[in-house]
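Participant: No letters, just coordinates:
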């Protein structure tokens, strides 16, 4: 078993305790099938010792920034006291970031993205931050491709996430990327959080409350659709199941999920395909059929667009890594999925 992946959490004065804790909780919960820890998580600070949080307590940090020289992933949580243009990157912090080795993975939580942007590490890349700070961020860093509606962005070695809780989504994404959906799902179960949240942070913006729909939520239709992903599901069929007009259904769906029904269905199909590629020995053609993609070409296109790899390469990576739990289950028809 390879050595545990070293995660360094770089905290600053005014750090948000939730963000510091969630990184430790999630990564430390990730285990190989034999129970071995997959990550070693350590906290470091510019000046080791007592570090003030934005709550009524401080935390003691014993490690300094020399930890960054051997870290494989560096996470920068937010500090609402400091995260604004011109203040987020002090000279000592800039010096500390220069200790990070080339190729080390960098990730920010919430307004920690201001640190990476100030350092020029997000220029030309996709990024997000808390929705309250997006306009300030956009004006200050025009070279960054800001995506204000998403929960996180992944540029390979540089990742960003939106508000505090979106740090959970980001950490689960990294665990899933490193070790597969089964390990990430087990971490999610252990910490009692969903393994994947639908939509982006647009659903959390304050908007006028719409009038109550006579037929209620789209949740039951979403549950039904997940049980029928192997079928081609039209907007009209979904709306009919919800007993709504297509216009009312689309509006209510976007209000509840933050995505259009078509976008949501594609994400669910890709996620189901990912699970099947990891956990079963179905050929790609059967995976495409079981997840509602009309052809293997369609599956490959959507899979590559979403995850950046082909289905075959994805399966080779995770089925050959030894990190998924147990042997792949043999599946013979869609009803067993």
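Facilitator: Nice, I can see it. In this text the structure is predicted, and so the values were computed from the model without any measurement.
Participant: got the domain boundaries for the protein?
Facilitator: Using automatic domain parsing, the domain parsing of the chain gives 5-191, 208-337.
Participant: which one's the longest helix in the protein?
Facilitator: helix 261-279 (DSSP state H).
Participant: average pLDDT across that helix?
Facilitator: Mean pLDDT, helix 261-279: 88.
Participant: again, but for stretch 8-20
Facilitator: 95.
Participant: Please apply the same query to stretch 68-77.
Facilitator: If you average the pLDDT over stretch 68-77, you get 97.
Participant: how about the domains of the chain in JSON lines, adding mean neighbour count?
Facilitator: The C-beta positions use only the backbone N, C-alpha and C, and glycine is treated the same way. Converted to JSON lines, the domains of the chain look like this (neighbours: other Cβ atoms under 10 Å):
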{"stretch": "domain 5-191", "mean neighbour count": "19"}
{"stretch": "domain 208-337", "mean neighbour count": "16"}
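Participant: What ranges in the stretch 101-250 of the chain fall below the confidence cut-off?
Facilitator: 196-216 (pLDDT under 70).
Participant: which stretches of it form helices?
Facilitator: Under the criterion DSSP state H, counting those that start in this stretch, the stretch 101-250 of the chain carries helices at the ranges 113-118, 134-140, 166-179, 181-191, 219-226, 235-241, 246-257.
Participant: Now do the first one: everything it contacts.
Facilitator: Okay, so that is helix 113-118. 76, 83-86, 88-89, 93, 97, 106, 108, 122, 127-129, 133, 137, 140-141, 144, 158, 160 (Cβ atoms under 8 Å, 6 or more residues apart in numbering).
Participant: end to end, how far does stretch 63-73 reach?
Facilitator: From its first residue to its last, stretch 63-73 covers 16 Å (Cα to Cα, to the nearest Å).
Participant: distance between that stretch and the chain's centre?
Facilitator: 23 Å (Cα atoms, centre = their mean, to the nearest Å).
Participant: Then stretch 50-68?
Facilitator: 25 Å.
Participant: quick thing: my sequence starts at 51, can you match it?
Facilitator: Let's use 51 as the start, then, which means that last one is stretch 100-118.
Participant: contact partners of it?
Facilitator: So stretch 100-118 is in contact with 58, 60-67, 70, 92-99, 124, 129-131, 145-147, 149-150, 154, going by Cβ under 8 Å, 6+ apart.
Participant: how about a cut-off of 6 Å?
Facilitator: 58, 61, 63-67, 92-95, 98, 124, 130, 146, 149-150 (Cβ atoms under 6 Å, 6 or more residues apart in numbering).
Participant: Now, those residues that are in strands?
Facilitator: Per DSSP state E, strands hold the following members of these: 58, 61, 92-95, 124.
Participant: tell me the two of the residues you listed that are most distant?
Facilitator: Within the ones in strands among the contacts of stretch 100-118, 95 and 124 form the most distant pair, 12.9 Å apart (Cβ to Cβ).
Participant: before we move on, back to that, can you spell out which helices and strands pack onto the next helix or strand after the longest helix of the chain?
Facilitator: Using DSSP states H and E, the helix or strand that follows helix 311-329 in sequence is helix 334-340. For helix 334-340, the packing partners by 3 or more Cβ pairs under 6 Å, 6 or more residues apart in numbering; DSSP states H and E come out as helix 346-357.
Participant: Would you tell me what the next helix or strand after the helix it packs on is?
Facilitator: Following helix 346-357 in sequence, per DSSP H and E, is helix 361-369.
Participant: For that next one, which helices and strands make contact with it?
Facilitator: Checking 3+ Cβ pairs under 6 Å, 6+ apart, helix 361-369 ends up next to helix 311-329.
Participant: the inter-axis angle of the helix it packs on versus helix 231-241?
Facilitator: 110 degrees (axes from the mean of the first three to the mean of the last three Cα atoms, to 10 degrees).
Participant: which other residues reach helix 311-329?
Facilitator: So helix 311-329 is contacted by 230-231, 279, 285, 288, 303, 307, 332, 337, 341-342, 352-353, 356, 361, 364-365, 368, 374, 378-379 (Cβ under 6 Å, 6+ apart).
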